[in-house]
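A.B. asks: Have a look; sequence and predicted model below, questions after that.
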Amino acid sequence: MRATTILAVRRGAEVAVAGDGQVTLGDIVMKHSARKIRRLAGGNALAGFAGSTSDALTLFDKFEAMLERYQGNVRRAAVELSKDWRRDKFLRRLEAMLLVASREGILMLTGDGDVIEPDEGVAAIGSGGPYAQAAARALLTHTEMSAAEIARAAMGIAASMCIYTNQEILLYSLENVESAEPAGTNGTLATAD
């Protein structure tokens, strides 16, 4: 999946998910401040997408319905969504990936039926995903930074390397959602509801 970077980092009880805001159409940047991550399940889960926006919004809706059906159990909802995604003729055509996180863990969902939980508490999707994930793993191993600080710094590194990722970062944390403050665009935290 090109044209975005979504990163999830878990450190202890804190989980942070960050995404950039760039939307491209071919070689043209169409939007700088898109919101590619959401709070779900009454704020107990976070999800971000890479890929086609309309396809991802369909997946968000389906995942939210699964969360409701399974009383907020993120793991079960992810597995059930992946089953449907793989079997359903309409869903199978969707070109997107989801990265979901809760206090219990991080899961990556693909249209191939994959539900992958990373071993090291870091996962990323999108064209800048490998850069953000590598940076986050290094920061997680070699610093005492919080999950949100790691996600913000790693996204800044990805934005400096990936042409499909910009510095307009949206970041949500499960541990302290209310304390996020809006900031400028130079690799700093920007938040939204």
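C.D. replies: Done, it's in.
A.B. asks: Report the beta-bridge partner residues of the residue nearest the centre of the chain.
C.D. replies: Among the residues of the chain, the one closest to the centroid is residue 48, at 3.3 Å (Cα atoms, centre = their mean). Residues in a beta bridge with residue 48, per DSSP bridges, are residue 37, residue 99.
A.B. asks: okay but residue 77 is in contact with residue 60, surely?
C.D. replies: No. Residue 77 is not in contact with residue 60 according to Cβ atoms under 8 Å; the separation is 11.8 Å. Where C-beta positions appear, they are placed from N, C-alpha and C, glycine not excepted.
A.B. asks: Settle it for me: which of those two has more neighbours?
C.D. replies: Neighbours were counted for residue 77 and for residue 60 using other Cβ atoms under 10 Å; residue 77 has more, 27 against 19.
A.B. asks: What helices and strands are in contact with the longest helix along the chain?
C.D. replies: For the chain, the helix with the greatest residue count under DSSP state H is helix 53-69. Where contact means 3 or more Cβ pairs under 8 Å, 6 or more residues apart in numbering; DSSP states H and E, helix 53-69 is packed against strand 37-40, strand 45-51, helix 74-87, helix 89-92, strand 96-102.
A.B. asks: Need the contact partners of that helix.
C.D. replies: The set of residues external to helix 53-69 that reach it, using Cβ atoms under 8 Å, 6 or more residues apart in numbering, is 23, 34, 36, 38, 40-41, 45, 47, 49-50, 73-74, 76-78, 80-81, 84-85, 91, 94-96, 98, 100, 109.
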